[in-house]
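Student: sequence? don't have it. structure:
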């Protein structure tokens, strides 16, 4: 059972365009630099214990911008496998929560989109947070994953790009 869940909104992405499918929109150069900078993920993930940093599993949406954000997370935590799930791009909260119930890692970092990260946080904790690009919230999960039974440990708003 996952004990700590860190929900991350992807970094600042290129604007939507008819020429590029949504799933293929990349991060902007400034967005990627902001995640890697000292006010970005190095500061955010310093909040994890050394054991959490070492053992954390990393999941991400299939969208390019989420994959690139997950790569920035891995660069801070140390290289690791990024596992992609279509339901994260589809924003299927129920499939996600069922998958988390079946997962046995102690610490799970998930890179997704809004409103998904907002809604999952509110469902699990009852807290409404507004995730800017690159924001991250750590939740201490209740074993049941019932609504409003988990708690927010920390929340770091995304860096300015």
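Tutor: Sure, I can see it. Predicted, not measured: the structure shown is a model, and the values here were computed from it. Numbers count the residues shown, from 1 in each chain.

Student: which strands and helices sit next to the helix ranked longest in the chain?
Tutor: The longest helix of the chain (DSSP state H) is helix 64-77. Applying 3 or more Cβ pairs under 8 Å, 6 or more residues apart in numbering; DSSP states H and E, one finds that helix 64-77 contacts helix 29-36, helix 41-45, strand 57-61, strand 82-85, strand 107-112. C-beta: built from backbone N, CA, C; applies to glycine.

Student: pLDDT of that helix, averaged?
Tutor: What helix 64-77 shows for mean pLDDT is 98.

Student: Just the residues contacting that helix, thanks.
Tutor: With contact meaning Cβ atoms under 8 Å, 6 or more residues apart in numbering, helix 64-77 is reached by 8, 10-11, 13-14, 23-27, 32, 35-36, 40-42, 45, 48, 53, 56, 58-61, 80, 82, 84, 88-89, 109, 111-113, 134.

Student: what's the spacing between residue 14 and residue 93?
Tutor: Counting by Cβ to Cβ, to the nearest Å, the gap from residue 14 to residue 93 is 26 Å.

Student: Pick out whichever of those two has more residues nearby.
Tutor: Neighbours were counted for residue 14 and for residue 93 using other Cβ atoms under 10 Å; residue 93 has more, 18 against 15.

Student: gap between the more buried one and residue 29?
Tutor: Between residue 93 and residue 29 the computed distance is 31 Å (Cβ to Cβ).

Student: same deal with residue 78?
Tutor: From residue 78 across to residue 29, the span is 24 Å (Cβ to Cβ).

Student: same deal with residue 58?
Tutor: Going from residue 58 to residue 29 by Cβ to Cβ gives 23 Å.

Student: Looking at these two, which is more packed in?
Tutor: Using other Cβ under 10 Å as the criterion, residue 58 and residue 29 rank with residue 58 on top: 21 against 11.

Student: so what's that one up against?
Tutor: Residue 58 sits next to 70, 73, 74, 77, 80, 81, 82, 83, 109, 111 when contact means Cβ under 8 Å, 6+ apart.

Student: Let's see the pLDDT reported for it.
Tutor: pLDDT at residue 58 comes out at 98.
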